[in-house]
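> below is the sequence, then the predicted model.
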Amino acid sequence: MFNFIVSIAAHGSLRLLLLCVLFLGFMVLPAQAASLTDRLNAYPDWHSKPELNSNFEEVAYPSWMLGTWICESTLIDMVAPVPNVTTPGFEGNRKYLNKPVRFDVRFGPTKIKAKRKFGIPTIMNFSSSQEKVVVDRVFNGLSIARAYLGDGVVQSVKINPNLPNEQLTTLKDGLQLVSVTTGHQSERPTPNLFLTSEFFQQIFRSSDQPFLNQVETTTKYSYIPASQLTSPNLDANSNAEVDLVKANRNEIPTIVADQYTAIYLSPQDPNYFEAIGTPVALYRYQLKLTPAKSSI
């Protein structure tokens with residue numbers, strides 16, 4: 001988110017479903033990025049990783065996403081495209097189907113320039129000082145993880161100060177999930193429509209052998225502004241007419257979204273060549289964002 005990014009891992013009996021709203025292959029180097037609209041229209045017929053821009057800049061969101069929002073996220077579809085191959089937590093995630101989960105998400109302004117060391121960007125931010133709206137990765141990561149796992153399971157979410165495209169989520173007993181953003185793309189076909197996609201590598205660190213995979217989250221946001229009740233012929237004593245007008249207008253600004261998350265095996269996985277770039281798990285979510293009482 002939001003961009004909202006879903007990652008899934010497992011550790012013994014502890015099943016994780018961390019929606020890393022980071023809005024998070026190490027390098028994706030396409031000749032030209034494909035249209036996000038075309039990719040969304042092709043779902044679930046995805047047989048390759050997305051062609052995204054590989055850079056270290058934060059995604060710039062529309063101004064209408066600025067602030068703190070109450071998000072209602074509902075998993076409406078899940079697919080395992082590769083026969084007999086999937087992620088450890090796939091079947092366990094069926095319990096979330098058609099069950100809304102609520103949490104807060106936040107988007108705030110930034111105007112920090114990218115720092116460089118030996119000619120290489122060391123933080124993921126903007127090359128110009130113009131203020132942009134960006135996702136609050138720490139706030140969102142902690143909010144979403146607690147919504148799914150509970151307050152007692154999540155200890156902290158931190159961003160690497162020297163490399164802010166790297167996020168570290170620490171769970172109880174010292175378990176850690178490292179998410180590193182490696183590419184992104186965005187499109188704005190109309191003023192009230194915004195599409196964005198991010199690709200990241202995640203490493204689940206535990207006392208056992210680390211679990212690695214790669215995750216894509218592609219989201220289509222639609223902004224529905226609040227409308228005004230301005231009918232000059234409205235009879236104030238006609239409750240039926242008032243109800244009819246209210247039913248056909250939006251009381252508060254709302255953002256609705258379709259979000260698609262794809263899980264890819266890392267080259268270290270023994271089943272890697274069974275998939276050959278095809279995602280082994282696909283999840284589709286419907287999101288509804290309404291303004292929280294407090295905002296940035």
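Nice, I can see it.

> any idea which element S222 lies in?
Taking DSSP states H and E as the definition, S222 sits inside strand 211-224.

> with L40 instead?
helix 36-42.

> after the longest helix along the chain, next one along is what?
Counting by DSSP state H, the longest helix found in the chain is helix 137-149. Later in the chain than helix 137-149, the nearest helix or strand by DSSP H and E is strand 154-159.

> circling back to that earlier point, from the chain's centroid, how far away is the helix holding L40?
On the basis of CA atoms, centre = their mean, to the nearest Å, helix 36-42 sits 17 Å off its chain's mean C-alpha point.

> what does stretch 141-159 give?
Per CA atoms, centre = their mean, the centroid offset for stretch 141-159 relative to its chain is 15 Å.

> please report how far the closest residue to Q167 other than its chain neighbours lies from K99.
Leaving out its chain neighbours, the residue that sits closest to Q167 by CB to CB, 6 or more residues apart in numbering is S179, at 4.7 Å. C-betas here are computed from N, CA, C, even on glycine. Separation of S179 from K99 (CB to CB, to the nearest Å) stands at 24 Å.

> next: G89.
Per CB to CB, G89 is found 16 Å from K99.

> which strand or helix spans the residue nearest to Q167?
strand 176-190.

> ok, then the element right after the helix or strand L75 falls within?
Using DSSP H and E, L75 sits in strand 67-79. Per DSSP H and E, the first helix or strand lying C-terminal to strand 67-79 is strand 101-110.

> other SSEs contacting that following strand?
Applying 3 or more CB pairs under 8 Å, 6 or more residues apart in numbering; DSSP states H and E, one finds that strand 101-110 makes contact with strand 67-79, strand 132-135, helix 137-149.

> distance-wise, check S227 relative to W69.
Between S227 and W69 the computed distance is 19 Å (CB to CB).

> for the stretch 151-296 of the chain, just list every one of the strands.
Secondary structure of the stretch 151-296 of the chain (DSSP state E, counting those that start in this stretch): strands at 154-159, 166-171, 176-190, 193-205, 211-224, 254-265, 281-291.

> now the third one, how far from the chain's geometric center?
Taking CA atoms, centre = their mean, one finds strand 176-190 lying 8 Å from the centre of the chain it belongs to.

> mind saving the C-alpha coords of it as CSV?
What follows is strand 176-190 as a C-alpha-only set of coordinates in CSV (Å, rounded to 0.1, in the frame of the first residue of the first chain):
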residue,chain,number,x,y,z
GLN,A,176,13.1,-12.2,11.9
LEU,A,177,11.7,-11.4,8.4
VAL,A,178,14.0,-9.3,6.2
SER,A,179,12.3,-7.7,3.1
VAL,A,180,14.4,-6.0,0.5
THR,A,181,12.7,-4.0,-2.3
THR,A,182,14.4,-4.6,-5.7
GLY,A,183,12.1,-2.9,-8.2
HIS,A,184,8.8,-1.0,-8.7
GLN,A,185,6.6,0.6,-11.3
SER,A,186,3.6,2.9,-11.2
GLU,A,187,0.9,4.2,-13.6
ARG,A,188,-1.7,6.9,-13.3
PRO,A,189,-4.2,6.4,-16.2
THR,A,190,-6.7,9.0,-14.8
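
> wait, what's in contact with E251?
A226 (CB atoms under 8 Å, 6 or more residues apart in numbering).

> swap in S222?
Contacts for S222 (CB under 8 Å, 6+ apart) come out as N192, L193, I255, V256, A257.

> could you list every residue that touches the closest residue to the third one other than its chain neighbours?
It stands for I255. Leaving aside its chain neighbours, I255 sits nearest to L289 (4.0 Å; criterion: CB to CB, 6+ apart). Contact analysis of L289 by CB under 8 Å, 6+ apart lists F2, W69, I70, C71, E72, V105, T254, I255, V256, A257.

> need the contact partners of the strand holding L75.
Outside strand 67-79, the residues touching it (CB under 8 Å, 6+ apart) are 1-2, 4, 19, 44, 90, 93-94, 96-107, 255, 259, 281-292, 294-296.

> list only buried entries from those residues.
Neighbour-count burial (16 or more other CB atoms under 10 Å) applied to the contacts of strand 67-79 gives 1-2, 4, 19, 90, 93, 96, 101, 103-107, 255, 259, 281-289.

> list the residues that contact the closest residue to R205 other than its chain neighbours.
Excluding its sequence neighbours, the residue lying closest to R205 (CB to CB, 6+ apart) is Q176, at 4.3 Å. By CB under 8 Å, 6+ apart, the contact list for Q176 reads L168, T169, T170, F204, R205, S206.

> how does it look with 7 Å?
L168, T169, T170, R205 (CB atoms under 7 Å, 6 or more residues apart in numbering).
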